[in-house]
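Novice: Structure for this input, please:
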Amino acid sequence: MQIEEIIEKIPLENRIPDSSSHLYIFGRNPVLSFAELQSLCIAGNRTKEKGKSDIQTGSCIDISPYGCITTAPEAIPVSQSGSLLKSAVPFSYIMKSDHPVRDKEHIIAIADELVRSLPVADKCHWCISAYNEMNERDAEYFDLFQKAIKEALKNQGIKKCTYVPPQEDLDRVRAYDDKKTYQGHTVLPQKIQSKKIREEGFECILWHMARQSGNTLIVAFLKDTIDVTGFEERDTKRPYTRSKLGLGGALARTMVNLAGVPKGTVLYDPFCGTGIILQEALLSGLLPLGSDIDESCVTGARNNLAWIAKKENRNRFDIQKVFSLDVTRAATHFSPGSIPAIVTEPYLGPALTRYPEPGEAKTIRADLNRRYDQYLAALSPVLAEGGKMVVIFPQIRTRDGNRHSLDIRSLVSRNGLAIYHLFIHDLRIPCCFIHAPKGQRVERVITVLTKA
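Specialist: Numbers count the residues shown, from 1 in each chain. All right, here's what the predicted structure looks like:
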């Protein structure tokens, strides 16, 4: 499902967001970010209605390919996510004029109030990001707010608070559609973390309402960002690493969150490799359990988990929780229905140094279909009723530009499983997401499964 279909069908509350609302900024794959947000709501038991998150029960005020505003009673910690970029708190709003300069006095008043309300220190950094800018009129509001905040800082006697401009060449990253670009007036989390903007300075976020009240501009301030630094450190500094094609920490965290299980739940990875999924599960407050047929991976994953537990001051990790096991023999190791969450990236096929010809891809696909049938047949019996299995299926891009996918629906149904759906009133969102960074020959299809 594309984000446009969700935007078109999701019910919205017809009101202006206030400080009790929460603004979330999506990453490059907005549907994946949206699903992760839902799953985090569910895992946190944030509503009385079992299995439904606040946003699923109609508490969305606005949504676009770049983010959404919700009325959930508690904010979701974006620093614990893998695909959400930022969260912010709405502060004020403007009903936009045909000529933005007519709103100049209102903008100056908002800027003064914003600067006075935030604990801004001298010798820090600040920035502005704007989302859903549609035309030159919208862009003019960015310039007016930039000037007004600079003047407000000066009036408060804060003379050495340095403005960090958006780096348009870097920030115009490819979005969900290759033909479209992300917004230009944005500062990415990497820059916000490197300049300590959230801790010592501030970011003003301008959100142009996309659906209802289209002439409304929401002014918000940054609350949280994705932990880019933490993911980079774990990806590069853990004791045991393998190929460059390995799963990254941010995507692993997203997969863990898509399982939607509360803290203290056992999460099993039967293809643990370097233990990256298990690391993210441990940091999420889950109980990691992993296995691999490769003894060197078992040893490496144990070392990585011991390293991250010590680094993050967690309880000492029991290395016996990672062990050697052929996944096809899972039923001999676990009792039926004993595992509440399985999150894994199995074998993705041979390493490809070039885009294969269609005939080569069909041969690889046939072998992978056979393997994944065996994997699911072994794991389905040990998955608990009501549990979730988050699995990556490979998708091969060929020289002619086509994609060759596995027979996911057939594989799933044949093994007593079903693709999990998020329910938003009459809208059913299948949890099947393509993760396809530009240039990859083998793409990842992240799929959430349950018992049929």
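Novice: Can you tell me the closest non-neighbouring residue to Leu417?
Specialist: Counting by C-beta to C-beta, 6 or more residues apart in numbering, Leu417 lies nearest to Leu449, which is 4.6 Å off, once chain neighbours are set aside. Any C-beta I mention is one placed from the backbone N, CA and C, and that applies to glycine too.
Novice: Around the one you found, how many other residues sit close by?
Specialist: 26 (other C-beta atoms under 10 Å).
Novice: now it: how far from His421?
Specialist: 11 Å (C-beta to C-beta, to the nearest Å).
Novice: now swap in Ala377 and tell me
Specialist: The separation that Ala377 has from His421, given C-beta to C-beta, amounts to 23 Å.
Novice: Could you list the low-pLDDT ranges of this protein?
Specialist: Counting by pLDDT under 70, the chain contains low-confidence residues at 44-58, 168-184, 212-214, 243-245, 425.
Novice: Could you pull out the helices in it for me?
Specialist: Along the chain, the segments classed as helices by DSSP state H run 3-9, 30-43, 104-117, 136-155, 168-171, 189-194, 197-200, 228-237, 249-258, 276-283, 295-311, 330-333, 358-379, 408-414.
Novice: mind putting those in CSV, mean neighbour count and distance to Ala75 included?
Specialist: As requested, those are exported to CSV (neighbours: other C-beta atoms under 10 Å; distance: least, C-beta to C-beta, whole Å):
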stretch, mean neighbour count, distance to Ala75
helix 3-9, 16, 21
helix 30-43, 25, 10
helix 104-117, 17, 18
helix 136-155, 17, 24
helix 168-171, 12, 24
helix 189-194, 18, 16
helix 197-200, 16, 14
helix 228-237, 16, 19
helix 249-258, 26, 15
helix 276-283, 27, 19
helix 295-311, 19, 26
helix 330-333, 15, 38
helix 358-379, 17, 34
helix 408-414, 16, 34
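Novice: which ones are touching the residue nearest to Leu417?
Specialist: Leu449 makes contact with Lys388, Met389, Val390, Val391, Val412, Leu417, Ala418, Ile419, Tyr420, according to C-beta atoms under 8 Å, 6 or more residues apart in numbering.
Novice: Could you tell me which of those count as buried?
Specialist: Buried positions within the contacts of Leu449, assessed by neighbour count (16 or more other C-beta atoms under 10 Å), are Lys388, Met389, Val390, Val391, Val412, Leu417, Ile419, Tyr420.
Novice: need the contact list for the nearest residue to Asp426 once chain neighbours are set aside.
Specialist: With C-beta to C-beta, 6+ apart as the measure, Lys9 is the residue that lies nearest to Asp426, at 7.4 Å, once sequence neighbours are left out. Taking C-beta under 8 Å, 6+ apart as the contact definition, Lys9 lies against Ile424, Asp426, Leu427.
Novice: In the sheet, which residues pair with Phe393? Tell me.
Specialist: Note on Phe393: beta-bridge partners by DSSP bridges are Val445.
Novice: Wait, it touches Tyr372, no?
Specialist: Yes. A contact is recorded between Phe393 and Tyr372 when judged using C-beta atoms under 8 Å, the distance being 6.7 Å.
Novice: related to what we said a few turns ago, rebuild the buried ones among the contacts of Leu449 as JSON lines, extending it with distance to Thr344.
Specialist: Formatted as JSON lines, the entries for those read as follows, by distance: C-beta to C-beta, whole Å:
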{"residue": "Lys388", "distance to Thr344": "12"}
{"residue": "Met389", "distance to Thr344": "8"}
{"residue": "Val390", "distance to Thr344": "7"}
{"residue": "Val391", "distance to Thr344": "6"}
{"residue": "Val412", "distance to Thr344": "15"}
{"residue": "Leu417", "distance to Thr344": "14"}
{"residue": "Ile419", "distance to Thr344": "16"}
{"residue": "Tyr420", "distance to Thr344": "15"}
